[in-house]
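A.B. asks: Next one to model:
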Amino acid sequence: MSIPTKQSASTRKAKRRPVPSWVKAAAAVAAAAVLLLAVFMLARWLRTLPAVESFLLQYPGHTELPETAPTGLPGWLGWQHFLNAFFMVLIIRTGWQVRTTARPKAYWTRNNKGLVRTKNPPKKISLDLWLHQSLDALWVINGIVFIVLLVATGQWMRIVPTGWDVLPNALSTALQYASFNWPTENGWVNYNSLQVLAYFATVFIAAPLAIITGLRMSGAWPQNAQKLNRLYPVEVARAVHVPVMVYFVLFIITHVALVLLTGAQRNLNHMYASRDDASWVGFWIFIGSLAVLAAAWFLSRPLFLRPIASLMGKVSR
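C.D. replies: Below is the predicted model of the structure:
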């Protein structure tokens, strides 16, 4: 007669059912809601303190711009805003596909002729990675145009901090947002200090980091440069690239939420129609841009990508 033995801890652990993804998502949403409620209540309590109210009066949430700073938003900034949003959303999507897809449905190999020629034969990459890198290149070109226009028109003064008082003013703005007693502002003339820091970090820190780390992980990086590769290991690039992507996701969500919650009609006119009024022009341009983005999202699949990718290389399974 055999005596039953106790199951080991590893066996019991192996028999546990995996937690469904919807349960994890619900738990994350619940945790975020609790955290936001705690931040809100803390901010409301802080605003009852005389010292905090004195701080808010001293630092209302924005700094004065230089006298030569332009007023208003030019037309080129509207289409630049659309192109940046268009490329970034698709780059994030394709980047996530590259990271999570185990068996790509199609592959692409570059034609080793024309302007780009290499001694070694081109490597075969997934069609998702081809689209990701193609969007990266277009985004970088668009970014160069954006920086040139930003400097040429003086618009850089609106998103580059010009004094240290931007820090306490940004803290003041964050406290006002968190307490839901939002600051009075006019983005047509001057962004609040929290916006200035966020836009500066996005344009001049996060974007270059995304480019530098993405380039290190791409096939364009020289593989035989041993000294350079030791100074800049690919593991470092991978460790930075994903957090930068997460930053962009959080920035986009927060940016869109505040645009819609702090006067959507006027904000959309500023961003898309280059006008400071209460018309619906900017709103309808915004809706049109969402339609274009949705169409691009739907069309970015192998069935529609193969003919385009075939113009620049060989597509295979």
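A.B. asks: Which parts of the stretch 201-317 of the chain are strands?
C.D. replies: Remark: strands assigned in the stretch 201-317 of the chain by DSSP state E, counting those that start in this stretch are 313-316.
A.B. asks: mind listing what's buried in stretch 35-42?
C.D. replies: For stretch 35-42, the neighbour count (16 or more other C-beta atoms under 10 Å) marks no residue as buried. C-beta coordinates here come from the backbone N, C-alpha and C atoms, glycine included.
A.B. asks: residues touching residue 234, list them.
C.D. replies: Shown in contact with residue 234 (C-beta atoms under 8 Å, 6 or more residues apart in numbering): 216, 217.
A.B. asks: If we use 6 Å, what do you get?
C.D. replies: By C-beta atoms under 6 Å, 6 or more residues apart in numbering, the contact list for residue 234 reads residue 216.
A.B. asks: what does residue 122 give?
C.D. replies: With contact taken as C-beta under 6 Å, 6+ apart, residue 122 is in contact with 109, 110, 112.
A.B. asks: quick one: which of those residues is most hemmed in?
C.D. replies: Neighbour counts for the contacts of residue 122 (other C-beta atoms under 10 Å) peak at residue 110, which has 20 neighbours.
A.B. asks: buried stuff in the longest helix seen in the chain?
C.D. replies: Looking across the chain with DSSP state H, the single longest helix is helix 234-261. Neighbour-count burial for helix 234-261, counted by 16+ other C-beta under 10 Å, picks out 237, 240, 241, 244, 245, 247, 248, 251, 258, 259.
A.B. asks: that older thread, let me have the contacts of residue 122 in JSON lines, adding secondary structure, pLDDT and distance to residue 59 as columns.
C.D. replies: As requested, the contacts of residue 122 are exported to JSON lines (DSSP: H, G, I helix; E, B strand; the rest coil; pLDDT from 0 to 100; distance: C-beta to C-beta, whole Å):
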{"residue": "109", "secondary structure": "strand", "pLDDT": "86", "distance to residue 59": "57"}
{"residue": "110", "secondary structure": "strand", "pLDDT": "82", "distance to residue 59": "54"}
{"residue": "112", "secondary structure": "coil", "pLDDT": "72", "distance to residue 59": "59"}
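A.B. asks: List just the nearest of those to residue 221.
C.D. replies: Set against residue 221, the nearest of these by C-beta to C-beta is residue 110 (14.8 Å).
A.B. asks: Which residue is the nearest non-sequential neighbour of the closest one?
C.D. replies: What sits nearest to residue 110 in space, not counting adjacent residues and going by C-beta to C-beta, 6 or more residues apart in numbering, is residue 122, at 4.0 Å.
A.B. asks: Am I right that that neighbour sits in a helix?
C.D. replies: No - with DSSP: H, G, I helix; E, B strand; the rest coil as the criterion, residue 122 is assigned coil and is not in a helix.
A.B. asks: Run through the chain and note the low-pLDDT ranges.
C.D. replies: The chain contains residues with pLDDT under 70 at 1-16, 114-118.
A.B. asks: what residue lies at the spatial centre of it?
C.D. replies: Nearest to the mean C-alpha position of the chain, by C-alpha atoms, centre = their mean, lies residue 248 at 2.1 Å.
A.B. asks: and stretch 132-148, how far from the chain's centre?
C.D. replies: Put simply, stretch 132-148 sits 14 Å off its chain's centre (C-alpha atoms, centre = their mean, to the nearest Å).
A.B. asks: ok, now how distant is the residue nearest to residue 110 from residue 237?
C.D. replies: 21 Å (C-beta to C-beta, to the nearest Å).
A.B. asks: repeat for residue 59
C.D. replies: From residue 59 to residue 237 the distance is 38 Å (C-beta to C-beta).
A.B. asks: what's the answer for residue 145, then?
C.D. replies: Distance, residue 145 to residue 237, by C-beta to C-beta: 26 Å.
A.B. asks: can you check residue 21 too?
C.D. replies: Distance of residue 21 to residue 237, given as C-beta to C-beta: 29 Å.
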